[in-house]
Each structure stands twice: as structure tokens, then as C-alpha cells.
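Enquirer: need a structure here:
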Amino acid sequence: ILVPSGSPCAANCGNILDKTAPEDLVCSQGSFSSDPTGQQFASCVDCERSSTYHSGNDSDIQSMLYNVRYALSYCVWGDAPAKNPKVANTPCITTKACGPFKNAVQFKNLSSTYDAYQYCDLWPTADAPDFQGCTDCLQAEGRQYMANFVIALQAGCQQKPPVGLYIGLDGELFSTTAVQISTPSPTATVNPAWFDHGPLNLGAKVGIAVGALVALLVIVGCCIIWNGKRRRKAYLRDRDTKIAQGGWPSPAHQQEMGQAPAPQSFRGYDDTPVSQRPLRGHGWDDTPVSRQGSRGWDDSPVNANGEKPLPRYFSPYSSQYNSPVSARDGQTMPW
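Expert: Below you'll find the model as predicted:
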């Protein structure tokens with residue numbers, strides 16, 4: 001019985017798997033359950049119907065549709081591909097019943113070489129009255145299985161599901177209850193044969209996929225690092241702005257000894273600390289304030305009475321033991 005090469009249904013379909021022959025069939029409905037030949041045909045067709053296996057454009061679903069066409073032709077008309085002497089003319093083969101479907105059923109004289117759903121070019125899908133007349137006639141003659149085969153072929157032409165989808169049918173083909181056409185069922189399958197075409201072999205394609213994944217992870221990692229640095233810089237700028245609202249204590253504050261110092265003023269987080277800067281904004285080689293005279297280098301010291309007392313001021317970065325400008329000045333210091 002016809003089945004695709006490599007199909008898991010091969011074990012159900014006999015020894016010759018590249019074609020279906022008259023000796024693989026029975027036409028009596030009871031023989032499908034009692035005769036070994038009929039049992040094997042029913043088992044093969046049921047397996048193909050519920051399988052999503054495919055190799056290229058060939059699939060178990062396509063083989064199932066071919067096999068039921070073969071059974072219909074041999075058991076209903078009995079003239080193709082071989083003559084069946086047991087078939088008699090009945091009302092079911094007239095033009096108001098199954099007659100309009102004969103050419104589609106016997107498409108290419110039932111050659112097993114055909115494209116998917118090619119028989120549908122001759123199948124009168126829109127001929128609802130004759131379709132209903134055909135199935136009703138077969139059921140009335142006690143050939144419900146054959147009527148279900150006609151319904152399956154109608155569903156195939158209406159839906160034409162691609163590989164990986166079942167034909168939408170509710171019910172069993174080998175049942176006296178008529179099957180019902182439904183929505184095709186999707187399946188999530190990956191066939192390794194899909195990757196065996198083109199200049200790249202499977203290993204190369206897998207390598208490309210892995211490389212793309214690694215590149216994506218690297219890009220994501222770089223984005224995370226960049227975002228972290230950006231947020232850190234923003235945090236430091238915000239922190240410096242808040243700290244800069246205060247300032248270092250100055251003589252204008254006239255703070256008392258022991259009073260808590262005012263908030264300190266900072267520069268950017270990468271500036272040189274204030275404590276290590278010169279106290280004056282002059283040249284790098286200037287003489288420290290504590291060692292300079294109160295006048296020019298050539299001026300004589302003035303009278304001690306001419307000097308005003310220094311304001312009360314305490315700086316955490318200057319010593320209270322700094323040398324006064326003159327000995328007399330030291331006596332007037334407030335501490």
C-alpha cells in the first residue's frame with residue numbers, strides 16, 4: 001500500500017510500499033474488520049491520516065488521500081486502474097450522485113506520480129447537491145466507509161492543508177457514522193530534511209545559528225554595561241549638584257569655636273580635593289601667607305596700634321599656631 005519512504009506508518013502498510021494494487025483491497029464493508037487484507041488497509045489509512053510525516057512534498061496525508069481514491073475507484077466504479085468484476089451498476093454512479101466525482105477520483109488513471117492535491121483540479125468542490133447525493137446514496141447502500149472516503153476527499157480539496165497540518169475531519173473513516181469536515185489541526189514539527197537543501201550543509205547552518213545567538217548575547221551584554229555606566233555618571237552628577245548647595249565656612253559667617261561647620265562645597269567627582277589646593281590663587285611658587293609680611297617686602301613694620309584685630313575665624317585646614325605677622329600682632333589675637 002502506498003506510503004512515503006521513511007514513514008512511521010510503513011509497518012502498517014504491507015511489504016510493497018511504493019504503490020497500491022487491487023490485491024491490497026476489499027470492497028465488502030464487513031471485510032475491513034474481518035479479512036486480514038481489509039484490516040491491513042484500514043490500519044495503514046488510519047495511520048496515515050493521523051501522521052504529519054512528510055519528505056519534501058510527499059506526506060502521509062497525501063498517501064492517505066491517494067489510497068482512498070484508489071479504493072473508491074475499484075469498489076464503486078470498478079474500471080480503473082483494473083477491472084473489478086464484482087462491481088455492478090448502481091444509482092450511486094449516476095450523474096446525480098457520485099458521477100461528477102469520477103474523473104477526480106481516477107485522476108491520471110490513479111498513477112502514484114502526482115502533485116499534492118492535483119486531483120482537486122477536477123473535483124467539483126462547489127457542487128454541494130451532487131456531493132450530498134453521492135454520500136447519501138453510498139450510506140443508503142450500506143457502504144458508509146466509502147461515503148466517508150468521499151467526505152475526506154472533499155475536505156482535502158476545501159482545505160488543502162500544507163505539510164505539517166492534518167486534514168480537518170471529526171470522526172473515524174472506518175465507521176458507520178459519517179465523518180464531519182472541521183478546521184485543520186496545526187502541529188509544531190521540524191523536519192531535518194528542510195535543512196538538507198542548498199549549498200550549505202546542516203553543520204554550517206547550525207554554526208550560523210549558534211554564531212548569531214552568541215552575537216546577540218554580546219550585544220545585550222554591551223548594552224547592559226553601557227546603561228550601567230550612564231546611570232552611574234548621572235547619579236554622581238546629581239549627587240555633586242546636591243552637595244554643592246552648601247559652602248566652606250568663611251570669615252563672613254563669623255562662626256564661634258566649636259560651632260558645626262557649614263556644608264562644604266565640592267567640585268566634580270574627579271577634581272583635586274580642596275584640602276590639597278593652595279590657599280591663594282597665585283603662582284605655584286608663591287610664598288605661603290603665613291610667611292609673608294603684611295606689606296611689601298621693602299616696607300618697614302608698622303606700629304602695632306595700626307593693626308586691627310583679626311576676626312574670630314577657625315578653619316579646619318589652618319593651624320592656630322601660625323606665626324603672626326609680627327610679635328605685636330600675636331598679642332592681639334582673640335584666642
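Enquirer: ranges for the helices of the stretch 1-150 of the chain?
Expert: Using DSSP state H, counting those that start in this stretch, the helices of the stretch 1-150 of the chain run over 31-34, 36-49, 60-72, 102-105, 128-140, 144-159.
Enquirer: Most tightly packed of the ones you listed?
Expert: Of the helices of the stretch 1-150 of the chain, the one with the most neighbours on average (mean count of other Cβ atoms under 10 Å) is helix 60-72, at a mean of 25. From N, CA and C alone the C-beta is placed, and that goes for glycine too.
Enquirer: Please save the CA atoms from that helix in CSV.
Expert: Taking C-alpha atoms only, helix 60-72 is exported to CSV below (Å, rounded to 0.1, in the frame of the first residue of the first chain):
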residue,chain,number,x,y,z
ASP,A,60,1.4,10.6,4.8
ILE,A,61,-1.7,12.8,4.3
GLN,A,62,-1.2,12.8,0.6
SER,A,63,-0.8,9.0,0.5
MET,A,64,-4.0,8.6,2.6
LEU,A,65,-5.9,10.6,0.0
TYR,A,66,-4.5,8.6,-2.8
ASN,A,67,-5.3,5.3,-1.2
VAL,A,68,-9.0,6.2,-0.5
ARG,A,69,-9.3,7.4,-4.2
TYR,A,70,-7.9,4.0,-5.2
ALA,A,71,-10.5,2.2,-3.0
LEU,A,72,-13.4,4.3,-4.3
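Enquirer: what's in contact with it?
Expert: Contacting residues not belonging to helix 60-72 are listed as 1-4, 7, 9, 20, 25, 27, 41, 44-45, 47-49, 51-54, 81, 105-107, 110, 112, 114, 116-117, 119, 146, 149-150, 152-153, 156, 161, 163, 166-167, 173 [Cβ atoms under 8 Å, 6 or more residues apart in numbering].
Enquirer: rerun at 7 Å
Expert: The contact list for helix 60-72, computed with Cβ atoms under 7 Å, 6 or more residues apart in numbering, reads 1-4, 7, 9, 20, 25, 45, 48-49, 51, 53, 105, 110, 112, 116, 119, 146, 149-150, 152-153, 156, 167.
Enquirer: Kindly report the same for stretch 220-227.
Expert: Contact with stretch 220-227 is made by no outside residue, as judged by Cβ under 7 Å, 6+ apart.
Enquirer: cool, and stretch 103-117?
Expert: Contacts of stretch 103-117 (Cβ under 7 Å, 6+ apart): 2, 19, 57, 62, 66, 69-70, 72-73, 80-81, 118-119, 122-123, 156-157, 160.
Enquirer: so where is the stretch 101-250 of the chain shaky, pLDDT-wise?
Expert: Applying pLDDT under 70 to the stretch 101-250 of the chain flags the ranges 186-200, 245-250.
Enquirer: switch the cut-off to 80
Expert: For the stretch 101-250 of the chain, the stretches with pLDDT under 80 are 185-205, 240, 242-250.
Enquirer: ok, which stretches of it are strands?
Expert: 169-170, 180-181 (DSSP state E, counting those that start in this stretch).
Enquirer: Could you single out the most deeply buried of those?
Expert: strand 169-170 (a mean of 15).
Enquirer: Nearest residue to Cys75 in space, please, no chain neighbours.
Expert: Taking Cβ to Cβ, 6 or more residues apart in numbering, and ignoring the residues beside it in sequence, Cys75 has Cys27 as its nearest neighbour in space, at 3.7 Å.
Enquirer: correct me, but the one you found touches Trp77?
Expert: No - look at Cys27 against Trp77 with Cβ atoms under 7 Å: they stay out of range, at 11.3 Å.
Enquirer: Kindly reformat the strands of the stretch 101-250 of the chain as CSV containing distance to Ala215.
Expert: Listed next are the strands of the stretch 101-250 of the chain as CSV, based on distance: least, Cβ to Cβ, whole Å:
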stretch, distance to Ala215
strand 169-170, 46
strand 180-181, 47
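Enquirer: So which of those is nearest Leu217?
Expert: Within the strands of the stretch 101-250 of the chain, the stretch nearest Leu217 is strand 169-170; the backing value is 45.2 Å (Cβ to Cβ).
Enquirer: How about residues contacting the closest one?
Expert: With Cβ under 7 Å, 6+ apart, strand 169-170 has contacts from 152, 155, 179-182.
Enquirer: one more time with 6 Å
Expert: 155, 179-180, 182 (Cβ atoms under 6 Å, 6 or more residues apart in numbering).
Enquirer: Pairing partners for it, with directions?
Expert: strand 180-181 (antiparallel) (DSSP bridges).
Enquirer: With respect to Thr90, which of the contacts of strand 169-170 is nearest?
Expert: Among the contacts of strand 169-170, and counting by Cβ to Cβ, the member closest to Thr90 is Val179, at 21.9 Å.
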